[in-house]
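Q: Model the structure of this input:
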Amino acid sequence: MQIYSEKIEVRCEGEPSRPVSFTWQDTEFRIEKILRTWQDWGFPAGAPRRKTWRLRRHRTCFKVRVEGGRVFEIYMDRKAPEPTWVLYREIEA
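A: Numbering: from 1, shown residues only. Just a heads-up that it's a prediction; the model follows:
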């Protein structure tokens, strides 16, 4: 497993919007299949003891397989002023 946590550009289609490809380090990866989708509402490391909903993460996460067989976890951070996509990690297939 390789962790990256780098911003990426994502192209989405459909309703609700689903990622169909992403660009990372000047390379486009076409998504062959979405393997899993989930919401991350957890608290970040270092959050104060008294937690409120404003401190929670607001992420929509996807585990995807791209053409060529590589498997990645990407997520959309909805808490930012503009939604931001991040390539979190690559998982051994």
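Q: what's across from Glu90 in the sheet?
A: Bridge pairing for Glu90 (DSSP bridges) gives the partners Gln2, Phe72.
Q: dump the residue contacts of it.
A: 1-2, 4, 70-72 (C-beta atoms under 8 Å, 6 or more residues apart in numbering). Where you see a C-beta, it was placed from the backbone N, CA and C, and this is true even at glycine.
Q: what does Gly14 give?
A: Contacts of Gly14 were listed using C-beta under 8 Å, 6+ apart, and none were found.
Q: Could you do Thr37 as well?
A: Contacts here follow C-beta under 8 Å, 6+ apart; on that basis Thr37 touches 60-63.
Q: So which of those residues wins on neighbours?
A: Of all the contacts of Thr37, Phe62 has the most neighbours under the rule other C-beta atoms under 10 Å, reaching 22 neighbours.
Q: Was I right to think it contacts Pro19?
A: Yes. At 6.1 Å, Phe62 counts as touching Pro19 under the criterion of C-beta atoms under 8 Å.
Q: For Tyr4, which non-adjacent residue is closest in space?
A: Distances taken as C-beta to C-beta, 6 or more residues apart in numbering put Leu87 closest to Tyr4, at 5.1 Å, once the chain neighbours are dropped.
Q: My read is that the one you found contacts Gln2, right?
A: No. Using C-beta under 8 Å, Leu87 is not in contact with Gln2; the gap is 10.1 Å.
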